[in-house]
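[1] Next come a sequence and a model predicted from it.
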Amino acid sequence: MKDAQPRTIYLKDYRAPDYWIDRTDLKVDLHEGQSRVEATLSLRVNEAHWTPGQPLPPLELQGSELVLEGAWVDGVALGADEYQLTEQGLVIQAPSARFELRTRCRIEPQNNTSLEGLYKSNGMFCTQCEAEGFRKITYYLDRPDVMSVFSCRISADQIRYPVLLSNGNEIDRGVLEEGRHWVQWHDPFPKPAYLFALVAGDLQHVSDQFVTRSGRTVTLQLYTEPRNIGKCDHAIDSLKRAMRWDEEVYGREYDLDIFMIVAVDHFNMGAMENKGLNIFNSSCVLASADTATDASFQRIEAIVAHEYFHNWSGNRVTCRDWFQLSLKEGFTVFRDAEFSADMNSRAVKRIEDVSLLRTAQFAEDAGPMAHPVRPDSYMEISNFYTLTVYEKGAEVVRMIHRLLGAEAFRRGSDLYFERHDGQAVTVEDFVRAMEEASGIDLTQFRRWYEQAGTPRVTVSDSYDSASGRYSLHFSQSCPATPGQVSKLPFHIPIAVGLLDAEGHDLLPDSTRLVELTEAQQTVHFEAISERPVPSLLRGFSAPVKLSYDYSDAQLAFLMANDSDAFNRWDASQQLCVRVLQRMVPQYLEGTPLKVDGVLTEAFSALLRAPVSDPAALETMLVLPAEAYLAEISEPVEVEAIHAAREALANHLAERFAPEFEHLYRDSQLEGAYQPTAEHMALRSLKNAALGYLARGSDAGVELAHQQYRAANNMTDRFRALATLVHCERGSARALAKSCLQDFYDNFKNDPQVIELWLSVQASCQRDGALERVQALMAHEAFDAGNPNKLRSLIGVFCSQNSIGFHSGEGAGYRFLADQVIELDQRNPQIASRLVTPLTRLRKYPAARQQQMREQLQRIFTHSLSPDLYEVVSKSLQ
Ligand code: 0A1
Ligand code: ZN
């Protein structure tokens, strides 16, 4: 905690370090009270900053919450006047251009509640060093451009901690007195400190093997607490698929003899790509049919792949500084998205990713923390692990892929990996490799990395029947964002299709890629035999807000006919949004809510057609989320949006009860649970139908109850439970209550299932939501020290339960502020993430905005961590 305003760090101030660390040898002696870390660093002055004969620059090592016991230079102990301890760390004068520094520090991992550095989770020791956690383990040049060869000797009590892991290969082990033992690890690949990891615990593991394409056998191990050993298979299978895919698609092979994953229950993020020793949030790696939903099976596959892919995009080639974070994250998200698309339904994966981007990243880009994919300043880097850096960053790489084509893109990635292997580089290095390999000029394209905000593209058209010329007129603009008032035009790839009256593609290769580079631009299509309906931004070819003045009938037409599956879905969403947006003023005026007939007709066509792709159909049956409707509204009328969405869903439920009944019956699966794409699609369709059936009749409610009781897997059980909990019908009330109790009784010992149980209650919008959440905070199932529990209960309530969060004259805002103030003392990273819903204040009508502001101001009166200080101060500006 700091009282003074945290310092702002600027990209323009980047300077290479004064010293390099060629070798880092750690001895970590773990105890229940004070643990000891001895670090021996082989230092070498950076000759770019020093000429022989000149005085050597001081060595300034970062350190935080460390107690220094001693320091030795080339074996000689430093006297008290030979070093300085500052707020940032340890400063010493170097004796020569090369020297060895040894430090010994005491730390108390058991009291580390920030979950950054070395800490304890359920009795095991583990680490999280990205971005700047290593400085809580020892004094170091804790920056990603300092790459070092690490070895690590861990010693601990043999009974409590039989398993001792670190990066690289185990090279030796032995026993000590007093029931202690030690293991020595060595990682031959130079790496920055943020990729260091250590684990000590009473763990079991499953083991498997992977033979690389060059014939090397790699041991794969997944470590967990013994009670979870039956939940490892899916992650191991996913890992093997990811390893094969990266060889086939990117030509990347794994490089060590062993790859380990460890599951921990207390983790701030999803997972971490430490070299050879990935550490995962349990919820992102452990799964079984009885305890994990299809969504979590898919999430695990994606995250296991993501962390594995980092071995090349992040570890072998790393970031020069944290402004370059998207270099590894945007690229790796693009890689994992393509992997998931190849393993499952490509269209559905794209729809899911775009929904997230449009709902949450667009909101971020329009909020007080908006920043470019490559930010140019930050106070606290932990605040920049954002949807903009990850998801928009992935969209930027996707656009490069589209502009270059798959082959040139692969040449570009080969060049990038080959040229920069073992280096810490920049986004510019990545873009340049892509340019050189393809011959395509990306000068203007680079603005995607530099300019924040979501570009708007407005399209109109004209058709000259005499000449057969069809023209699309584009104009682009980008709203101001903090620190960036005016923007230059972006280079925007827009995939365009043209449909004839029968719904067939008119263009030769069905889709043409239009490249916008000007603020205003017209594109012509010749020899077009009739006035077409344009299908714009196919596959969401750029992260923009595109508008074209479609009629309702044209949207229904695209929804039924577009050859691009993504755009069929998008047309259905746009039509729903239209209808919902017409209902919002009806609600505000107190007139009855009316559903436009054209939507009913479109749904009728959809539900009457034979089901060719169950997964795609399901995506169309899910109405736009309230959060998305909020993102595209200004001001956000929370109750009106909710009422409109409910009215539309109820209308569809009543109107199409027989169709939903058929879908439900026809999507039943026989036999044991399988997490295959095909089965998941059928389950998701069946459960979407169930949601409508339960809205529509008491018989539907009973069906949900039956499904809950008969389910042989967590997807069906949980979806039935959620249906009952969210159902407004009176008959659902008692059933929801008894099923929630039954669910708890059955799964109370399984934290991942209890996260689901908390989240389904937190998102229930019925009256009294805040009181229910507060009651759950006092429940034995809740643990304020566990980020997953905080996210499932408080995070879900504040971000997904709009009625609950915004009701009660600001009671929800006060509640969130109270939680955040308290949490900031223990875990600043989570506090600053949890506060996000309050930072959206400018979207709301004046009275709510004022109430939200008051709570932000109240938070700001406290002594805040840099994390929370940055977010709150920027939101109040
Ligand atoms: N690099 C990881 C995510 C991660 C980032 C920061 C963390 O602690 C502050 C932890 C994990 C990834 O992209 O998966
Ligand atoms: Zn990542």
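    That came in fine, so what should we check first? Ligands and ions are numbered 1, 2, ... in the order given.

[2] which residues in the stretch 651-800 of the chain form helices?
    For the stretch 651-800 of the chain, the helices defined by DSSP state H, counting those that start in this stretch occupy 657-666, 677-696, 698-710, 714-726, 730-747, 751-762, 769-777, 787-790, 796-800.

[3] Could you check which residue of the stretch 1-150 of the chain lies nearest ligand 1?
    Using C-beta to the nearest ligand atom, the single residue of the stretch 1-150 of the chain nearest to ligand 1 is Glu130, 4.4 Å away. (Each C-beta comes from the backbone N, C-alpha and C, glycine too.)

[4] Around that residue, how many other residues sit close by?
    25 (other C-beta atoms under 10 Å).

[5] before we move on, the earlier item: indicate which one of the helices of the stretch 651-800 of the chain is closest to Met369.
    Of all those, it is helix 796-800 that lies closest to Met369, at 14.9 Å by C-beta to C-beta.

[6] Pull the closest one out as PDB, backbone CA atoms only.
    Below are the C-alpha coordinates for helix 796-800, written out as PDB (Å, rounded to 0.1, in the frame of the first residue of the first chain):
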ATOM      1  CA  VAL A 796     -20.800 -12.400 -11.300                       C
ATOM      2  CA  PHE A 797     -23.300 -10.400  -9.200                       C
ATOM      3  CA  CYS A 798     -21.800  -7.000 -10.200                       C
ATOM      4  CA  SER A 799     -21.200  -7.700 -13.900                       C
ATOM      5  CA  GLN A 800     -24.000 -10.200 -14.900                       C
END
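
[7] Would you mind pulling the contact partners of the following helix or strand past that helix?
    With elements assigned by DSSP states H and E, the helix or strand that comes after helix 796-800 is helix 802-806. By C-beta atoms under 8 Å, 6 or more residues apart in numbering, the residues outside helix 802-806 that reach it are 626-627, 630, 638-639, 641-642, 764-765, 769-770, 773, 797-799, 812-813, 816, 837, 844, 848.

[8] for the chain, what's the longest helix?
    helix 565-589 (DSSP state H).

[9] which secondary structure elements does that helix contact?
    Helix 565-589 is packed against helix 346-356, helix 552-561, helix 597-608, helix 614-621, helix 626-631, helix 638-655, with contacts defined by 3 or more C-beta pairs under 8 Å, 6 or more residues apart in numbering; DSSP states H and E.

[10] Go through the ones you listed and name the closest to ligand 2.
    With C-beta to the ion, the closest approach to ligand 2 among the helices and strands packed on helix 565-589 belongs to helix 346-356: 14.9 Å.

[11] Pull the distance from the closest one to the chain's centre.
    Centroid displacement of helix 346-356 relative to its chain, using C-alpha atoms, centre = their mean, to the nearest Å, is 14 Å.

[12] Check the stretch 501-650 of the chain for the residue nearest ligand 1 and tell me.
    Counting by C-beta to the nearest ligand atom, the stretch 501-650 of the chain gets nearest to ligand 1 through Pro543 (19.2 Å).

[13] What parts of the stretch 51-200 of the chain come near ligand 1?
    With C-beta under 6 Å from any ligand atom as the criterion, the stretch 51-200 of the chain meets ligand 1 at residues Gln128, Glu130, Ala131.

[14] wait, which of these is closest to ligand 2?
    For those, the nearest to ligand 2 is Glu130 (8.9 Å; C-beta to the ion).

[15] and the closest one, what does it touch?
    Tyr194, Leu195, Met272.

[16] For the last one, list each beta-bridge partner.
    When assigned by DSSP bridges, Met272 has beta-bridge partners Ile279.

[17] wait, what's in contact with the closest residue to ligand 1 within the stretch 601-750 of the chain?
    Residue of the stretch 601-750 of the chain nearest ligand 1, by C-beta to the nearest ligand atom: Pro675 (21.9 Å). For Pro675, the contacting residues are His234, Ala287, Ala289, Asp294, Phe297, by C-beta under 8 Å, 6+ apart.

[18] Can you report how many residues lie near the residue in the stretch 651-800 of the chain that ligand 2 sits nearest to?
    In the stretch 651-800 of the chain, no residue comes nearer to ligand 2 than Pro787, which is 17.3 Å away by C-beta to the ion. If you count neighbours by other C-beta under 10 Å, Pro787 ends up with 24.

[19] Give me the distance between it and Phe747.
    Relative to Phe747, Pro787 is positioned 20 Å away (C-beta to C-beta, to the nearest Å).

[20] now swap in Ser114 and tell me
    29 Å.

[21] Same check on Lys737?
    Lys737 is 16 Å from Phe747, by C-beta to C-beta.

[22] So for the two, which residue has more residues nearby?
    Phe747 (19 against 12).

[23] so what's the more buried one up against?
    Contacts of Phe747 (C-beta under 8 Å, 6+ apart): Thr291, Val753, Ile754, Trp757.

[24] one step back: which phi and psi does the residue of the stretch 1-150 of the chain closest to ligand 1 have?
    phi -70, psi 140 (degrees, to the nearest 10).

[25] pLDDT score for it?
    At Glu130, the pLDDT value in this model is 99.

[26] same question, Asp187
    The model's pLDDT for Asp187 equals 98.

[27] that's a strand at it, yeah?
    Yes. Checked against DSSP: H, G, I helix; E, B strand; the rest coil, Asp187 lies within a strand.

[28] How about it: what's its closest non-neighbour residue?
    Nearest non-adjacent residue to Asp187, counting by C-beta to C-beta, 6 or more residues apart in numbering: Gly168, 2.9 Å away.

[29] Need phi/psi at the one you found.
    According to degrees, to the nearest 10, Gly168 has phi 90, psi -140.

[30] what sits against it?
    Phe150, Ser151, Trp185, His186, Asp187, Pro188, Phe189, Leu256, Lys275, Gly276.

[31] hmm, 6 Å instead?
    Trp185, His186, Asp187, Gly276 (C-beta atoms under 6 Å, 6 or more residues apart in numbering).

[32] Can you get me a residue count around Ala688?
    Residues near Ala688, counting by other C-beta under 10 Å: 22.

[33] I'd say it and Leu621 touch.
    Yes. Between Ala688 and Leu621 there is a contact at 4.5 Å, judged by C-beta atoms under 6 Å.

[34] I'd say Val211 and Thr219 touch.
    No. In this structure, Val211 is not within contact of Thr219 by C-beta under 6 Å, at 11.1 Å.

[35] hang on, Leu404 packs against Ala437?
    No. Leu404 is not in contact with Ala437 according to C-beta under 6 Å; the separation is 8.0 Å.

[36] If we only consider the contacts of Phe747, which is nearest to Ser382?
    Ile754 (26.6 Å).

[37] Which residues does stretch 326-336 contact?
    Taking C-beta under 6 Å, 6+ apart as the rule, stretch 326-336 contacts 302, 305-306, 309-310, 313-314, 319, 373, 389-390, 393-394, 396-398, 427, 430.

[38] let's see 8 Å
    246, 250, 302-303, 305-306, 309-310, 313-314, 317-319, 373-374, 385, 389-398, 401, 425-427, 429-430, 449.

[39] among those, which are in strands?
    Thr318, Cys319, Val425 (DSSP state E).

[40] With adjacent residues omitted, what lies nearest to the last one?
    Distance criterion C-beta to C-beta, 6+ apart; nearest residue to Val425, sequence neighbours excluded, is Arg320 at 5.7 Å.

[41] What is the burial count for the one you found?
    By other C-beta under 10 Å, neighbour count at Arg320 equals 20.

[42] residues in this protein within reach of ligand 1, list them.
    Residues of the chain lying near ligand 1 (C-beta under 6 Å from any ligand atom): 128, 130-131, 268-273, 306-307, 329, 382, 385, 829.

[43] one more time with 8 Å
    Counting by C-beta under 8 Å from any ligand atom, the positions of the chain adjacent to ligand 1 are 116, 128, 130-131, 133, 267-273, 303, 306-307, 310, 314, 328-329, 332, 382, 385, 390, 829.
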